[in-house]
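# build me a structure from this.
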Amino acid sequence: MKLVIIGGGAGGATAAARARRLDEHAEIVLFERGEHVSYAHCGLPYYIGGVIQNREALLASTPERFKNRYRVDVRTRTEVKRILRGEKAVEVLELDTGRVYREGYDKLILSPGSSPIMLPIDGVDLDGIFSLRNLSDADKVVRFINERNPQRALVVGAGFIGLELVENLRHRGMEVTLVEMLDQVLPAMDVEMAKTIESELKRNGVNLMLNEQVVKFEREGEAIAVQLKSGRKIEVDMVMLGVGIKPNTELAVSAGLEIGSCGGIKVNKFLQTSDPDIYAIGDAVEVPHFVTGEPVLVPLAGPANKQARIAVDNIYGRMVEYRGVLGTAIVKVFNIVAATTGVNEKALKRLGIRYEKCYLHPYSHATYYPGSTQMTIKLLFSPEDGRIFGAQIVGDEGVDKRIDVLATAILAGMSVDDLTHLELAYAPQFGTAKDAVNIAGYVASNIYTGDAPTACWDEIERMQDDSVVILDVRTQEETILGKHPNAINIPLERLRAQLHELPKDKPIYTYCTVGLRGYIAARILVQNGFNAKNLSGGFRMLSRLLPSKDLEQH
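Residues are numbered from 1 along each chain as shown. Predicted structure coming up:
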């Protein structure tokens, strides 16, 4: 067996190591057009920011280590120019010498990765404007910062990498402007969950510009002048482009391999391309979403590693199916952690899938033990069978382990009721007796079973209508910090005594701070003949979405 692998990133390197473990006698050749293989791409923003100071720590392996440990022939600075399917060979260019030669294969794995999208605008190639694809790009940025000492930076694009770059450039002491063409940061999350991240950026001195686009870069003296679509103009010393990535499919296209509807290499459930001797993995492949089944491009290291193992297993006849991708991801933005898994609400709406949702604000661990922090969880689930579609969490401590539990639950096909039965580790330092995930299950199950008629923040327009009653069941002292302008205040403890003051011919929307007292109030009202709904997530969610001018403060 001769296995040729194209691309030495997360997928390619994992495939090479797995192949050697399965076959001690195979000839394995790995081509990489860059200088490095198997490096920590996700650590690059932190290397730029000086958080990771030891550059060598980013190198998970080297060509020499691969040769000594796995007997893999790694050829860096070597670009595969063509796949000659009829001859079962690849045409290769040595970038340093210009030599062109052919290498045969029995099986071929494509792991070409992706490339940053470059803005098609004037001046994008000016000195001081960077994209971040690999370790060599990061080296250039670090060298520029060390030599030029820039004080003002622009980051274009507010996805995961863009947000990490913002934090790390601030860590280097720069003034940072973040430009995003959409109306929110972190498009993988829903708009109301992104609000907390936006507030955190502003708290840390970031100049955030949403609904804005760069249309031109110009050199003005030592500075880069940035012309924006709105007509505004800003001057900076350096620019980091993070507007997205595109799959590297050129080789596959030129070889006549089938390309999918999302523009990635099309593969079957065994990760074979339209040529059964060629497999494809990583950023460049189009795979089904586990929840919806629709083809998606998900450029994450975790899926690439899993696909690499499965592809090699299938080359050796094990017939392992790739189940699909969840897109589980997490990012730290200063003191906030944001995570997502499964499908977001925007995708469910686009696909026309019926869903329910709920919000809750549980604590990371027992509040009587020092250091407990509050998080916000959004859970999306099926109204038919309670199956979990997706989850998003924003907070600090404990976000990572909750999103991992929920990702596991989705893969297992669990329902919101199943979450209530999970027995999770508890001690005051680590959680609560009813963990945040259990509470999410309870809240969602109450909606699913009809025990808790619920409204969400996006019904706010209906709530402002005079035909409804908005009931604030917090204490009068709590309302001083703000309340819905049309709300009447009856604290929960006095509600039963004042039921006669409420109409039975109008819908009543109850709310408290986070949702628990509002839920109790709604249960009291429903059982006394009122048409009541509780506002999921309470005033905390409402205050994020309504402009402060629309919230009464006393």
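# residues contacting the nearest residue to H421 once chain neighbours are set aside?
What sits nearest to H421 in space, not counting adjacent residues and going by CB to CB, 6 or more residues apart in numbering, is G441, at 7.9 Å. For every residue, glycine as well, the C-beta is placed using N, CA and C. Listed by CB atoms under 8 Å, 6 or more residues apart in numbering, the contact set of G441 reads 416-422.
# PyMOL command for the buried members of those?
Here is the PyMOL selection string for the buried members of those, based on 16 or more other CB atoms under 10 Å:
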select buried, resi 416+417+418+419+420
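# coming back round to it: what's the helix or strand for the residue nearest to H421?
helix 436-449 (DSSP states H and E).
# which positions within that helix qualify as buried?
So helix 436-449, judged by 16+ other CB under 10 Å, has buried residues 436-448.
# can you read off the pLDDT for the residue nearest to H421?
G441 is assigned a predicted lDDT (pLDDT) of 97.
# how about stretch 112-131: buried residues?
112-116, 119, 123-124, 128-131.
# want to try a markdown table for the residues you listed, with pLDDT and secondary structure as columns?
Shown next, in a markdown table, are these (pLDDT from 0 to 100; DSSP: H, G, I helix; E, B strand; the rest coil):
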| residue | pLDDT | secondary structure |
| --- | --- | --- |
| P112 | 95 | coil |
| G113 | 92 | coil |
| S114 | 92 | strand |
| S115 | 90 | strand |
| P116 | 88 | strand |
| L119 | 87 | coil |
| G123 | 94 | coil |
| V124 | 94 | coil |
| G128 | 96 | coil |
| I129 | 96 | strand |
| F130 | 96 | strand |
| S131 | 93 | strand |
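# JSON lines please, covering those residues and showing distance to I224.
Formatted as JSON lines, the buried residues of stretch 112-131 follow (distance: CB to CB, whole Å):
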{"residue": "P112", "distance to I224": "31"}
{"residue": "G113", "distance to I224": "28"}
{"residue": "S114", "distance to I224": "26"}
{"residue": "S115", "distance to I224": "22"}
{"residue": "P116", "distance to I224": "18"}
{"residue": "L119", "distance to I224": "13"}
{"residue": "G123", "distance to I224": "8"}
{"residue": "V124", "distance to I224": "11"}
{"residue": "G128", "distance to I224": "6"}
{"residue": "I129", "distance to I224": "7"}
{"residue": "F130", "distance to I224": "11"}
{"residue": "S131", "distance to I224": "15"}
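# so which of these comes closest to E64?
Nearest to E64 among the buried residues of stretch 112-131: G113, at 22.2 Å, using CB to CB.
# which phi and psi does that closest one have?
Per-residue torsions, G113: phi 70, psi -150 (degrees, to the nearest 10).
# again with V72
According to degrees, to the nearest 10, V72 has phi -110, psi 130.
# right, and M1 touches G104 too?
No: M1 is beyond contact range of G104, at 11.9 Å (criterion: CB atoms under 8 Å).
# give the contact list for Q392.
189-190, 193, 338-341, 344, 377-378.
# give me the beta-bridge partners of it?
Beta bridges link Q392 to T340, K378 when assigned by DSSP bridges.
# the one 4 residues further on now?
Residues in a beta bridge with D396, per DSSP bridges, are G398.
# contacts only, for it.
When contacts are counted by CB under 8 Å, 6+ apart, D396 touches 335-337, 364, 373, 375.
# one more pass at 10 Å, please.
332, 335-337, 364, 371-375 (CB atoms under 10 Å, 6 or more residues apart in numbering).
# just to revisit the earlier point, give me the common contacts of M1 and G104.
If you check M1 and G104 against CB under 10 Å, 6+ apart, the residues they both contact are E27.
# hang on, D466 is in a strand, isn't it?
No: according to DSSP: H, G, I helix; E, B strand; the rest coil, D466 belongs to no strand; its state is coil.
# distance check, it against I330.
44 Å (CB to CB, to the nearest Å).
# between those two, which one's more packed in?
I330 (15 against 7; other CB atoms under 10 Å).
# what bridges to that one?
Bridge pairing for I330 - DSSP bridges - gives A339.
# before we move on, what about L93?
Beta-bridge partners of L93, as defined by DSSP bridges: E79, V100.
# now do P116
Going by DSSP bridges, P116 forms beta bridges with I245.
# what residues sit buried inside stretch 372-384?
372, 375-382.
# stretch 197-205 too?
With burial defined by 16+ other CB under 10 Å, the residues of stretch 197-205 counted as buried are 197-198, 200-201.
# any idea how far N528 lies from V473?
Counting by CB to CB, the gap from N528 to V473 is 14 Å.
# next: G538.
G538 is 10 Å from V473, by CB to CB.
# find residues that contact each of these two.
510-513, 517-519.
# could I get these as CSV with neighbour count?
Shown next, in CSV, are the shared contacts of G538 and V473 (neighbours: other CB atoms under 10 Å):
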residue, neighbour count
T510, 31
Y511, 32
C512, 24
T513, 19
R517, 22
G518, 30
Y519, 25
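# CSV for the residues you listed, including distance to Q272, secondary structure and pLDDT?
Below are these laid out as CSV (distance: CB to CB, whole Å; DSSP: H, G, I helix; E, B strand; the rest coil; pLDDT from 0 to 100):
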residue, distance to Q272, secondary structure, pLDDT
T510, 55, strand, 94
Y511, 53, strand, 94
C512, 55, coil, 94
T513, 54, coil, 93
R517, 56, helix, 95
G518, 53, helix, 94
Y519, 50, helix, 94
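# quick one: contacts for P120?
Applying CB under 10 Å, 6+ apart, no residues contact P120.
# quick one: pLDDT of it?
Value for P120, per-residue pLDDT: 91.
# just D472 next, same as before
95.
# so how far is G515 from it?
13 Å.
# shared neighbours, these two?
Common neighbours of D472 and G515 (CB under 10 Å, 6+ apart) are 535, 538-539.
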